[in-house]
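Q: Just the structure for this:
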Amino acid sequence: MGHLDHATFGWLTPVLSYVMACIGAALGLRCTVRALGATGRSRRNWLITAASAIGTGIWTMHFVAMLGFGVSGTDIRYDVPLTIVSLLVAMIVVCAGVFAVGYSKDRARALFLGGLTTGLGVASMHYLGMAAVRLHGHVGYDPALVALSVLIAVVAATAALWAALNIRSPIAVTVASLIMGAAVTSMHYTAMFAVSVRVTPSGQALSGATAMQFIFPLAVGLGSYLFLTSAFVALSPTTGEREASASAQRPVESVAAH
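A: Okay, the predicted model is just below:
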């Protein structure tokens, strides 16, 4: 059995992955709040932004944490196409859950189905990401911990969608984001503790890219997207601010007309 190290860089990767999960959750919640106050194309665009933020945050959290994953006795590589597929899965399933909540008339039903779909999608993203790992040996899983990680993913996703529907104030969004970030991170490390590796020493070169060649640049790029989108959302006016601005302009226009 190979010794598994989930934090080869110490606390750096766990803390940074948690921060990325929180940023994605906070941005997703703020965008969903904007979406629920909008209509038509504007609502659709805000929901797409919310889904991309949450999906990107979850995926970036997973692979930032994976930067600290190591197994004694073997190098680790990543299958690039399968890793990209895991990102697309995260985006698509989160988008489905967010749109279900954003457009459904029956909020309770949408919350249940959206939370279940999104949670299973997040878990699928994680295990697709693990399937992309290439090493000299065999990877096994503890079924009980796998089931627990899936349950955490579903509960976390349902809580996130509930928060998107019910939380409005910036302080409440911040608190909810910290909790959601902790839930997503817990799901990841629960799933990682389910992993065991039986190393088979070999001199054969592994296929795929190293974490620093592929995962790190992609995670930096997606992290930059989250920060830039956060700045855009923070600077864009809310629905209430736009309505107040329009109301303030009407008397001026009326006076000018007379």
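Q: Centre-most residue in this structure?
A: Ile58 (2.1 Å; Cα atoms, centre = their mean).
Q: Give me the buried stretch members for the helix or strand where it lies, please.
A: Using DSSP states H and E, Ile58 maps to helix 40-66. Buried residues in helix 40-66, counted by 16 or more other Cβ atoms under 10 Å: 43, 46-66. For glycine as for every other residue, the C-beta is placed from the backbone atoms N, C-alpha and C.
Q: try stretch 143-161
A: Applying 16+ other Cβ under 10 Å to stretch 143-161 flags 146, 148-150, 152-154, 156-161 as buried.
Q: Which of these fall within helices?
A: 146, 148-150, 152-154, 156-161 (DSSP state H).
Q: mind giving me JSON lines with the residues you listed and columns for distance to Val139 and pLDDT?
A: Output for these, formatted as JSON lines (distance: Cβ to Cβ, whole Å; pLDDT from 0 to 100):
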{"residue": "Val146", "distance to Val139": "12", "pLDDT": "94"}
{"residue": "Leu148", "distance to Val139": "18", "pLDDT": "94"}
{"residue": "Ser149", "distance to Val139": "15", "pLDDT": "93"}
{"residue": "Val150", "distance to Val139": "17", "pLDDT": "92"}
{"residue": "Ile152", "distance to Val139": "20", "pLDDT": "91"}
{"residue": "Ala153", "distance to Val139": "19", "pLDDT": "88"}
{"residue": "Val154", "distance to Val139": "23", "pLDDT": "89"}
{"residue": "Ala156", "distance to Val139": "24", "pLDDT": "84"}
{"residue": "Ala157", "distance to Val139": "25", "pLDDT": "83"}
{"residue": "Thr158", "distance to Val139": "29", "pLDDT": "85"}
{"residue": "Ala159", "distance to Val139": "30", "pLDDT": "84"}
{"residue": "Ala160", "distance to Val139": "29", "pLDDT": "79"}
{"residue": "Leu161", "distance to Val139": "32", "pLDDT": "79"}
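Q: Those residues: which two are farthest apart?
A: Within those, Val146 and Leu161 form the most distant pair, 23.1 Å apart (Cβ to Cβ).
Q: quick revisit: out of the ones in helices among the buried residues of stretch 143-161, flag the one nearest to Ala21.
A: Ala156 (9.7 Å).
Q: give me every residue that touches that closest one.
A: 119, 122, 180, 183-184, 186-187 (Cβ atoms under 8 Å, 6 or more residues apart in numbering).
Q: Give me the subset of the residues you listed lying in helices.
A: 119, 122, 180, 183-184, 186-187.
Q: now the residues you listed as a markdown table including neighbour count, distance to Trp11 and pLDDT?
A: Below are the ones in helices among the contacts of Ala156 laid out as a markdown table (neighbours: other Cβ atoms under 10 Å; distance: Cβ to Cβ, whole Å; pLDDT from 0 to 100):
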| residue | neighbour count | distance to Trp11 | pLDDT |
| --- | --- | --- | --- |
| Gly119 | 25 | 27 | 85 |
| Val122 | 30 | 24 | 85 |
| Met180 | 25 | 21 | 83 |
| Ala183 | 19 | 19 | 85 |
| Val184 | 28 | 18 | 87 |
| Ser186 | 17 | 16 | 90 |
| Met187 | 28 | 19 | 90 |
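Q: would a markdown table of those residues with distance to Ala35 be doable?
A: Shown next, in a markdown table, are the ones in helices among the contacts of Ala156 (distance: Cβ to Cβ, whole Å):
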| residue | distance to Ala35 |
| --- | --- |
| Gly119 | 21 |
| Val122 | 20 |
| Met180 | 17 |
| Ala183 | 22 |
| Val184 | 21 |
| Ser186 | 27 |
| Met187 | 25 |
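Q: how about these, which pair is most distant?
A: Gly119 and Ser186 (13.1 Å).
Q: Thanks again, I'm all set now.
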